[in-house]
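> Everything below, folded, please.
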Amino acid sequence: MCNPAIAIGLATSLMGAVQSIAGYQAESQAASASERAYQETRNAALQRRNTEDQKAQLKLKGENEKASQDAERGLIRRLQAQGTTLSAGRSGQSIGGLLADAERVEGKDLGALGMNLAYAQQDYYFNVENNFLAAKSTINQAASQRKAKPSGASLALGIAGAGLAGASSFTELGGDWKKPFAKA
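A predicted model of the protein is given here:
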């Protein structure tokens, strides 16, 4: 018949080892799941950033096209004003002032267009920077919630601890290490 101290010691060791292995597997699965969640969040944040950056680029492109069209209309207005002045048949110094006035109006309009474009460019850079910071914040937050994969050393320590617990049970129940398989 088997010594009860040996049976209890072995059972304690086996149960502890099984628990260590199960815990290791559970931690490994949790770490894998948290890594998948992190990657999904990261990819979604980067996609959101790209989409928002593209929207900002389209908005800036629209502002540039509008400014180009406005500048062309200003040139047409100036040329029409100068043509009207010249076709009126006037002469003298006053005609030079009228022609210069049309150029002054066009220059003022071009200056306003330039300022609007500068503001649109600045707005674009602010949007891109905000998109970057939002994505970075989301990714950092997701990264902080990742679980580390358990190490093989932690599994080995758990199994070794289970072995020690079994040996301790064997000893507490009066087991003799010199004769572990002696009949009771």
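> Tell me where the model's unsure across the protein.
By pLDDT under 70, the weakly predicted segments of the chain are 1-2, 5, 91-93, 175-184.
> For it, which segments count as helices?
Counting by DSSP state H, the segments of the chain that form helices are 4-87, 93-144, 152-172.
> Adding mean neighbour count, write those helices out as TSV.
Every residue, glycine included, has its C-beta placed from N, CA and C. Below are the helices of the chain laid out as TSV (neighbours: other C-beta atoms under 10 Å):
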stretch	mean neighbour count
helix 4-87	14
helix 93-144	13
helix 152-172	15
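> Test my guess that residue 146 contacts residue 34.
Yes: when contacts are counted by C-beta atoms under 8 Å, residue 146 is listed as touching residue 34 (4.8 Å).
> Return the distance of the residue nearest to residue 99 when sequence neighbours are not counted relative to residue 95.
Excluding its sequence neighbours, the residue lying closest to residue 99 (C-beta to C-beta, 6 or more residues apart in numbering) is residue 82, at 5.3 Å. Relative to residue 95, residue 82 is positioned 10 Å away (C-beta to C-beta, to the nearest Å).
> now residue 118
Residue 118 is 35 Å from residue 95, by C-beta to C-beta.
> Please name the nearest non-neighbouring residue to residue 145.
Sequence neighbours aside, residue 34 is the residue nearest to residue 145 in space, at 6.6 Å (criterion: C-beta to C-beta, 6+ apart).
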